[in-house]
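Peer 1: Only the shape, not the letters, is given here:
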């Protein structure tokens, strides 16, 4: 009986923490970014709307994609700056 009470208490705390982080990520990061972008083009924007969420997800997807492309560009540039050859097929730097 006492172990069930402790287990239920831990489960409740875990659910509260998970819900808190999900709300922060969804509301502030995704919808906040989408809202700021939509406000550039229209003054009447619902901050909790589907459009804001979709635009926010698209923007963050673009940011993540651009980040990976920048990291790859820096790797190739560093290889070429050190007078080595970059092999596109093997995707590595060859001396």
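Peer 2: Received the coordinates, thanks. This is a predicted model, so every value here is computed, not measured.

Peer 1: pLDDT on the longest helix belonging to the chain, on average?
Peer 2: With DSSP state H setting the assignment, residue counts place helix 50-81 as the longest helix in the chain. The average pLDDT within helix 50-81 is 94.

Peer 1: Buried residues of it, list them for me.
Peer 2: Of all the residues in helix 50-81, those buried under the rule 16 or more other Cβ atoms under 10 Å are 52-53, 55-56, 79. The way it works is simple: take the backbone N, C-alpha and C, and place the C-beta from them, glycine included.

Peer 1: Then stretch 33-43?
Peer 2: 33-35, 38.

Peer 1: Ok, stretch 24-32 next?
Peer 2: 30-31.

Peer 1: Can you give the contact residues for it?
Peer 2: Among residues not part of stretch 24-32, those counted as contacts by Cβ atoms under 8 Å, 6 or more residues apart in numbering are 47-48, 52-53, 56-57, 60.

Peer 1: Tell me who's in contact with residue 35.
Peer 2: Residue 35 touches 45, 47, 52, 56, counting by Cβ under 8 Å, 6+ apart.

Peer 1: wait, which of the buried residues of helix 50-81 is closest to residue 19?
Peer 2: Comparing the buried residues of helix 50-81 against residue 19 with Cβ to Cβ places residue 53 closest, at 17.5 Å.

Peer 1: Let me see the contact set for that closest one.
Peer 2: Counting by Cβ under 8 Å, 6+ apart, residue 53 touches 26, 30-31, 34.
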